[in-house]
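[1] Here is a sequence with its predicted model. Questions after.
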Amino acid sequence: MPNIWGRGTRPALIASGILMGSILWVGSVRAEPPIRSPEDAACRMEARAKVFSAPNPSGLGIEDVGRQIYFACMKRISPASVQTARRSGRRHRHRHRRH
């Protein structure tokens, strides 16, 4: 029975495997850094949700628009998270007993 694929299919399969592997490797190089805080995760989700609907009058790329949305979110959220961590009210000194 004759080979349907013709001669030389093995080199073609190897070449296509190398091509697919390199495409996957390049995609993993562009991966995002690990999430560091809940605020970071929330701002990443907000940037992903708004990147296509945000106004872009200067004609920036999608990644640049997403980066602007992310950093604006982090700037907006960071002071709020710092204020909630602070203690409210006065601190009282502990009085030491004299013996």
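    Thanks, I have the structure now.

[2] ok, the spatially closest residue to residue 70 that is not a sequence neighbour - contacts?
    Spatially, and ignoring its direct neighbours in sequence, residue 70 is nearest to residue 47 (4.2 Å; CB to CB, 6 or more residues apart in numbering). Quick note: C-beta positions are derived from backbone N, CA and C, even for glycine. Shown in contact with residue 47 (CB atoms under 8 Å, 6 or more residues apart in numbering): 66-67, 69-70, 73.

[3] Give me the subset of those that lies in helices.
    Mapping the contacts of residue 47 onto helices (DSSP state H) picks out 66-67, 69-70, 73.

[4] Save those residues as JSON lines, and put in pLDDT and neighbour count too.
    What follows is the ones in helices among the contacts of residue 47, written out as JSON lines (pLDDT from 0 to 100; neighbours: other CB atoms under 10 Å):
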{"residue": "66", "pLDDT": "94", "neighbour count": "19"}
{"residue": "67", "pLDDT": "94", "neighbour count": "14"}
{"residue": "69", "pLDDT": "96", "neighbour count": "19"}
{"residue": "70", "pLDDT": "96", "neighbour count": "19"}
{"residue": "73", "pLDDT": "95", "neighbour count": "19"}
